[in-house]
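Turn this into a model:
(chains A and B)
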Amino acid sequence: MTASSPGIARSRRQHPDGSRRLRFPSIPERVRYGLIGFVVVLPLWEAVVQFRLVKRVTLSSPSLILEAAWEDLLVNGTLWPHLFQSSQQFVLGLGLALITGVPLGLALGLFRRLNYFLDPWLSAIYATPTIALVPLIVLVLGLGLESKIFIVWLEAIFVIVVTTMVGVRAAEARYLDLAMSFRASRWLTFTSVILPSSFPYILTALRLGTTRALVGVVVAEFFAANKGLGFFINFSGTTLRTDRVMLGVIILGLLGVVMGEGIRRIERRFEKWRPDFN
Amino acid sequence: MQQGLALQARDVRMEYVDQQSGDRLLAVDRVDLDIEEGQFVSIVGPSGCGKSTFLKIVNGLFPATEGTIEIATPAEGSAHAMVFQDSSLFPWYTIIDNVAYGLVCQGVPKKEAQARAQPLIDLVSLSGFERKFPYQLSGGMQQRANLARALTVDPEILLMDEPFAALDAQTRELMQAELLRIWNEAHKTVLFITHQIDEAIYLSDRVLVMSARPGRILADIAIDLPRPRQLEIKRTPAFITYADQIWGMISSELKPHIHDVAKTTGTVA
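Residues are numbered from 1 along each chain as shown, chains lettered A, B, ... in the order given. A predicted model of the protein is given here:
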């Protein structure tokens, strides 16, 4: 691909050093406008609390939250065990959901009868809010790590199963015809056509699963824990420490953003054959 | 099957059930066809006449309702390999992996398959592009890779389903000449499907004209033009006579249909 064809006049916005700026003109703009939001909202929030228009205990303020972060993360480090606990549940729960959900989704996409057999059950459990099952889960699995991992798993697995299944069905007929025309074995058809076709969907499943798993962590710790970010938020709330509530929420949000970005990087690495990533 | 034949089709019929209306439709009707080893045979016909369907029956993608198709089974290599209309290269494979795919399907280890694919990549002039992904190649180059992939399994007969239909006119002309060069080197029997009359005449030893649906063979025309053929041959009187003859048959097949369309849209005066 060459950018410079002599016969074609350059548009005014194109830089002579290459087409990069032309292709992504919105990035500096995006950052600029994004920052405006923070520059306007944060001082406004601070002012509203400083001038006592709203009580500290209802809204807290950016400076108070920063102070709380300073204390809990650096001075006495009380937040770290909570973070560690949550991370452990998150990683184990999501990992388990991937290990079980991706193969199940592949199987459901491949085998029509299995799909018919499991579909009513999956739909029913999927439609049930996980929170409603918490008492039952605690009753069966107790208050230990198992019940929390189970809640995270349950919260994350369905999007993973369903998205993966859709990915299998997205395999294009022309590629399947080709494999058939070369008499490819079923296993080779699976590894050479179906798996690569569904891979983008599996990564989407991972991304959606990550968000759901984070919800699962909070749900689990709200109701059946004495440790973890969810517990920290809930406990801070009941003891009227709004700054800590906000701090916990912000950390959760940051975790979600960071992991989403990480997955996007994995996508780029694995999909170098896809023209739109290059 | 007779000695020296690459393919023998007898009384091939293919019926299928239309998913929406539930009607039984006849796609291919009583096709008899003998192809000698090393011959280049084209089937032309109006679009939707069942020529692609016939090719897919030969390829084993569709079952024939009636009739038999025999293909000479070689001591080595495959009976047949297909070149599809869209290049249908796997976008997630590099060119070398795509070209080696047919061998991998036969259980050849990947390394060996790649080694055996290399000469075919050279043959279709894609040397240097082995590690590229399909999207990095032009449409014409993709079709070369597609052709190399089919040739890698050393088929007795090469089945080509409108392989140049998606290319622009100039690339298509060049690819036709290129195909003749490759055919000359690879010594393959070819069954070529196209709706382009000049393409069929230029490439073939024989052109079969298929009727509108249900597809039957209307005529079997031997193309008596000297080889090797340059693209300039398309402007010679002999070539144009063949083209007129075939176009005459196809247009008389098309006329009742054009009339139908006109009637339903109400534009006929």
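
and B:His195, what are its phi and psi?
Here is the backbone geometry of B:His195 (degrees, to the nearest 10): phi -110, psi 0.

what sits against it?
B:His195 sits next to B:Val44, B:Gly45, B:Pro46, B:Ser47, B:Glu162, B:Ala165 when contact means Cβ atoms under 8 Å, 6 or more residues apart in numbering or on different chains. Where you see a C-beta, it was placed from the backbone N, CA and C, and this is true even at glycine.

Give the PyMOL command for selecting the buried subset of these.
A single PyMOL command selects the buried members of these (16 or more other Cβ atoms under 10 Å in any protein chain shown):
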select buried, chain B and resi 44+45+46+162
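
Point out the least confident one among the contacts of B:His195.
Across the set of these, B:Ser47 stands lowest in pLDDT, at 78.

Contact partners for A:Leu195?
Applying Cβ under 8 Å, 6+ apart, we find A:Leu195 in contact with A:Leu106.

redo that, cut-off 6 Å
Applying Cβ atoms under 6 Å, 6 or more residues apart in numbering or on different chains to A:Leu195 gives no contacts.

Could you look up the next helix or strand downstream of the helix or strand hosting it?
Here A:Leu195, judged by DSSP states H and E, is contained in helix A:195-223. Later in the chain than helix A:195-223, the nearest helix or strand by DSSP H and E is helix A:229-238.

So for that next one, what gets flagged as buried?
Result for helix A:229-238 [16+ other Cβ under 10 Å]: buried residues A:Leu229, A:Gly230, A:Phe231, A:Phe232, A:Ile233, A:Asn234, A:Phe235, A:Ser236.

Check stretch A:144-163 too.
A:145, A:147-163.

A:Leu254: neighbouring residues, count only.
Neighbour count of A:Leu254, defined by other Cβ atoms under 10 Å in any protein chain shown: 10.

tell me which element the spatially most central residue of chain B falls in.
Geometric centre of chain B, nearest residue: B:Met160, 2.3 Å, by Cα atoms, centre = their mean. Assigned by DSSP H and E, B:Met160 belongs to strand B:157-161.

elements contacting that strand?
Applying 3 or more Cβ pairs under 6 Å, 6 or more residues apart in numbering or on different chains; DSSP states H and E, one finds that strand B:157-161 contacts helix B:51-59, strand B:80-83, strand B:189-194.

Kindly list the main-chain dihedrals of the closest residue to B:Leu151 other than its chain neighbours?
Spatial nearest neighbour of B:Leu151, excluding adjacent residues (Cβ to Cβ, 6 or more residues apart in numbering or on different chains): B:Leu120 at 5.1 Å. B:Leu120 adopts backbone torsions of phi -70, psi -40, taken as degrees, to the nearest 10.

Is B:Ala9 located within a strand, as I assumed?
Yes - going by DSSP: H, G, I helix; E, B strand; the rest coil, the assignment for B:Ala9 places it inside a strand.

List of residues touching the host helix or strand of B:Val207?
According to DSSP H and E, B:Val207 maps onto strand B:206-210. Residues outside strand B:206-210 that contact it (Cβ under 6 Å, 6+ apart) are B:41-45, B:49, B:51, B:200, B:217-222, B:246, B:249.

among the buried residues of stretch A:144-163, which are in helices?
The members of these that map onto helices under DSSP state H are A:145, A:147-163.

what's near enough to touch the residue nearest to B:Leu151?
B:Ala148, B:Leu151, B:Thr152.

mind checking which helix or strand the second one is in?
In this structure, B:Leu151 is located in helix B:139-152 according to DSSP H and E.

now the angle between strand B:157-161 and that helix, please.
150 degrees (axes from the mean of the first three to the mean of the last three Cα atoms, to 10 degrees).

Dump the strand holding B:Met160 to PDB, restricted to CA.
Extracted C-alpha coordinates of strand B:157-161, given in PDB (Å, rounded to 0.1, in the frame of the first residue of the first chain):
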ATOM      1  CA  ILE B 157      -9.500 -32.700 -12.800                       C
ATOM      2  CA  LEU B 158      -9.600 -29.100 -11.800                       C
ATOM      3  CA  LEU B 159     -13.000 -27.700 -11.200                       C
ATOM      4  CA  MET B 160     -13.300 -23.900 -11.600                       C
ATOM      5  CA  ASP B 161     -16.500 -22.100 -10.700                       C
END
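
what's in contact with that strand?
In this structure, residues lying in contact with strand B:157-161 by Cβ under 6 Å, 6+ apart are B:6-7, B:52, B:55, B:58-59, B:80, B:82-85, B:150, B:188-193.

Provide the strand pairings for it, with the direction of each partner.
Strand B:157-161 has its sheet partners listed here by DSSP bridges as strand B:80-83 (parallel), strand B:189-194 (parallel).

Which SSE is immediately downstream of the shortest one?
I take that to be strand B:80-83. As assigned by DSSP H and E, the chain's next helix or strand after strand B:80-83 is helix B:95-105.

Flag every buried residue along stretch B:25-32.
B:Leu26, B:Ala27, B:Val28, B:Asp29, B:Val31.

What parts of the stretch 1-150 of chain B come near chain A?
Counting by Cβ under 6 Å from any Cβ of the partner chain, the residues of the stretch 1-150 of chain B close to chain A are B:Asn59, B:Met82, B:Ser88, B:Pro91, B:Trp92, B:Gly102, B:Cys105, B:Phe133, B:Tyr135.

Only the buried subset of these, as a PyMOL command please.
The PyMOL command for the buried members of the residues of the stretch 1-150 of chain B next to chain A (criterion: 16+ other Cβ under 10 Å) is given here:
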select buried, chain B and resi 59+82+88+91+92+102+105+133
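
With respect to A:Leu35, which of the strands paired with strand B:157-161 lies nearest?
Each of the strands paired with strand B:157-161 was scored for nearness to A:Leu35 using Cβ to Cβ, and the closest is strand B:80-83 (55.1 Å).

From the chain's centroid, how far away is the closest one?
How far strand B:80-83 lies from its chain's middle: 9 Å, per Cα atoms, centre = their mean, to the nearest Å.

Ok, stretch B:47-66 next?
12 Å.

Show me what from the stretch 101-250 of chain A comes close to chain B.
Neighbours of chain B within the stretch 101-250 of chain A, by Cβ under 6 Å from any Cβ: A:Arg174, A:Leu178, A:Ser181, A:Phe182, A:Arg183, A:Ala184, A:Pro196.

Quickly note the distance from the residue lying closest to the fifth one once chain neighbours are set aside to B:Ile250.
Nearest residue to A:Arg183, sequence neighbours excluded (Cβ to Cβ, 6+ apart): B:Cys105, at 5.9 Å. With distances defined as Cβ to Cβ, to the nearest Å, the gap from B:Cys105 to B:Ile250 amounts to 37 Å.

So, low pLDDT: which residues of the chain?
The chain I'm using is chain A. Across chain A, the ranges flagged by pLDDT under 70 are A:1-27, A:224, A:275-278.

oops, chain B please
Flagging of chain B using pLDDT under 70 yields the residue ranges B:255-269.

sorry, back to before: adjacent strands (with direction) for the strand holding B:Val207?
strand B:40-44 (parallel), strand B:217-222 (antiparallel).

Next, the angle helix B:51-59 makes with the strand holding B:Met160.
150 degrees.

still on that earlier bit, out of the buried residues of stretch B:25-32, the closest to A:Trp121 would be?
B:Ala27 (41.7 Å).

Hmm, the closest one is touching B:Met14, no?
Yes - the pair B:Ala27 / B:Met14 is scored as a contact, 4.8 Å apart, by Cβ atoms under 6 Å.
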